[in-house]
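> with the sequence up front, the predicted model follows.
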Amino acid sequence: MRAPAPVGGDPATVRALAGTLAGEGDWLGSLGGSLRGLADPSLTSWDSAAGEAFARRCAGVAGVVDRLSRRYAVAARALVALADALARAQETVAGAQRVHEQAWPEFLAAGDAMALAESSDDPAVRSTAPRLRARMVEAGERVQAAERRASDARAEYRIADRRCASVLASLRDDGLSDSGWYDVVTTTRDVAGSVESVAGPAALLPVPPVRAVAEPVAAVAGAAGLAAGAALLAVWGDGSWSSLALGAAAAAAGPVAEGLKTGARATNAAAQAAASTRVERRALRMGARQRLAAAMGAPSARAYGKAPTPVARTVRWTAPSRRPGTWGRWAAEQAELRARTAVQTRWLDDWRAVTGTTGTSPRLLVTAWGVEAGGSALDQVSSARDARAAQASDRAIEAAGRRLTSGNPPRAGVQDVARHR
């Protein structure tokens with residue numbers, strides 16, 4: 001019969017982890033008290049609107065920090081109970097192993113001696129058989145009792161292990177973890193942003209088949225990203241209204257600019273030329289309201305003519321020479337040709353079409369270009385804000401990680417904050 005197997009694990013390591021979690025829970029509890037103090041007008045006063053806004057945010061964050069502190073404390077208590085059960089199981093099993101190592105050889109020796117005594121021809125030797133049997137039975141009972149103690153200790157440890165796992169698993173549902181819907185919305189926002197970052201530049205290429213696909217894809221991705229961002233902000237408070245407003249303004253700049261270009265191309269020159277009096281010609285002259293109606297596709301603007309829409313230019317691909325020495329010049333020529341074609345398609349052709357048609361509005365066309373430039377600038381500002389926010393978040397996470405690994409997290413309390421201005 002084999003001796004009971006030892007119970008693996010290190011109770012000291014589990015207790016050390018529990019102590020770390022308990023210490024962090026205490027620190028977070030102290031931090032929650034500091035945040036409540038910053039938000040309590042009776043303890044802290046603020047002399048600016050920014051400070052008051054910060055205090056309001058602290059009031060909401062304090063509750064989250066308190067719940068996080070309880071999460072650490074509950075996890076620490078569960079690990080302490082697990083470490084105690086592990087230590088008891090290891091001690092009990094180690095004692096059972098010692099008993100087995102002592103009693104099992106006695107059981108075997110007494111059994112062999114009893115068998116020899118029972119088979120002996122000497123009556124005096126045979127008379128020792130009952131005593132040897134009793135010794136064998138007593139040793140066997142000690143072995144069985146040790147095995148039962150080891151088995152009970154293992155069962156007690158398994159119960160403690162399952163209880164600890166259940167407690168730790170329940171902490172995921174304490175309201176601090178992200179919900180499934182939150183993950184779905186954030187994934188939608190991120191995927192839409194990635195698609196728009198690819199389709200947006202592709203929509204600017206002077207290649208009609210690519211633009212025909214990229215423009216609607218970029219528009220749908222932008223709208224989906226804005227909708228997901230608005231849902232995150234409205235439901236979970238993730239984000240800021242200013243960033244959302246910048247994104248919405250940048251996304252709206254493209255359609256608005258296209259509408260203004262349509263209004264700039266609109267003309268009523270044919271009807272004006274057919275008018276017989278100056279009063280009729282003045283009445284048929286297109287103003288800002290009529291051009292906006294044309295931009296929005298209003299039924300009243302259907303009678304207006306329009307400047308010809310420039311046809312997108314295409315650049316024919318030319319293969320490089322077989323001489324490697326000419327590849328650099330070929331690449332420069334191709335880049336210059338495509339850049340010149342892009343400028344002509346994006347600006348010069350529109351300008352020539354509008355200025356070459358009577359009754360159009362070059363000023364409104366320039367305004368449309370300004371809206372496009374403003375949208376690009378807003379997009380860059382929004383991207384820069386998001387990048388700075390991500391960098392700040394990364395720095396905060398790194399600082400928290402250094403604080404956790406240092407083993408000596410800073411502690412603060414309301415008593416450390418006298419007055420903030």
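Yep, that arrived.

> how about the contacts made by residue 153?
Residue 153 sits next to 7, 88-89, 92-93, 96 when contact means CB atoms under 8 Å, 6 or more residues apart in numbering. Heads up, the C-betas are built off the backbone N, CA and C, glycines and all.

> most neighbours, which of those?
The member of these surrounded by the most neighbours (other CB atoms under 10 Å) is residue 89, with 24 neighbours in all.

> which element is the residue nearest to that residue when sequence neighbours are not counted on?
Leaving aside its sequence neighbours, residue 89 sits nearest to residue 157 (CB to CB, 6 or more residues apart in numbering; 3.9 Å). Element membership for residue 157 (DSSP states H and E) is helix 129-170.

> circling back: in TSV, list the contacts of residue 153 along with secondary structure.
Formatted as TSV, the contacts of residue 153 follow (DSSP: H, G, I helix; E, B strand; the rest coil):
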residue	secondary structure
7	coil
88	helix
89	helix
92	helix
93	helix
96	helix
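
> what about the helices in the chain?
Here the chain has its helices, by DSSP state H, at 11-39, 49-118, 123-126, 129-170, 180-203, 208-231, 241-265, 269-274, 278-283, 288-295, 327-343, 349-355, 362-406.

> so which of these is nearest residue 3?
For residue 3, the closest of these is helix 49-118, at 4.4 Å, according to CB to CB.

> how far does the closest one sit from its chain's centre?
Offset of helix 49-118 from its chain centre (CA atoms, centre = their mean, to the nearest Å): 34 Å.

> next: stretch 353-367.
The chain centroid and the centroid of stretch 353-367 are separated by 47 Å under CA atoms, centre = their mean.

> over to it now: how far is its first residue from its last?
Start-to-end span of stretch 353-367 (CA to CA, to the nearest Å) is 16 Å.

> tell me the buried residues in it?
Residues of stretch 353-367 classed as buried: 353-354, 357, 359-361, 364-365, 367 (neighbour count, 16 or more other CB atoms under 10 Å).

> just the closest of those to residue 142, please.
Nearest member of the buried residues of stretch 353-367 to residue 142, counting by CB to CB, is residue 367, at 99.5 Å.

> how about the closest one, nearest residue that isn't a chain neighbour?
The spatially closest residue to residue 367, leaving aside those adjacent along the chain, is residue 260, at 5.8 Å (CB to CB, 6+ apart).

> which ones are touching that neighbour?
Neighbouring residues of residue 260 by CB under 8 Å, 6+ apart: 295, 364-365, 367-368, 371.

> out of those, the closest to residue 75 would be?
Looking across the contacts of residue 260 and measuring by CB to CB, the closest to residue 75 is residue 371, at 54.4 Å.

> so what's that closest one closest to, chain neighbours aside?
Among residues not flanking residue 371 along the chain, residue 257 sits closest, at 4.3 Å (CB to CB, 6+ apart).

> could you give the number of residues near residue 183?
By other CB under 10 Å, 11 other residues sit near residue 183.

> now it: how far from residue 336?
Here residue 183 is placed at a distance of 48 Å from residue 336 (CB to CB, to the nearest Å).

> re the thing from before, now distance to residue 318 and mean pLDDT too, for the helices of the chain, in CSV please.
As requested, the helices of the chain are arranged in CSV below (distance: least, CB to CB, whole Å; pLDDT from 0 to 100):
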stretch, distance to residue 318, mean pLDDT
helix 11-39, 66, 88
helix 49-118, 60, 86
helix 123-126, 114, 86
helix 129-170, 65, 90
helix 180-203, 22, 77
helix 208-231, 19, 78
helix 241-265, 32, 76
helix 269-274, 42, 68
helix 278-283, 52, 66
helix 288-295, 40, 72
helix 327-343, 7, 75
helix 349-355, 23, 79
helix 362-406, 31, 70
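
> can I get those in CSV including distance to residue 321?
Below are the helices of the chain laid out as CSV (distance: least, CB to CB, whole Å):
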stretch, distance to residue 321
helix 11-39, 67
helix 49-118, 64
helix 123-126, 113
helix 129-170, 68
helix 180-203, 29
helix 208-231, 27
helix 241-265, 40
helix 269-274, 50
helix 278-283, 60
helix 288-295, 48
helix 327-343, 7
helix 349-355, 31
helix 362-406, 37
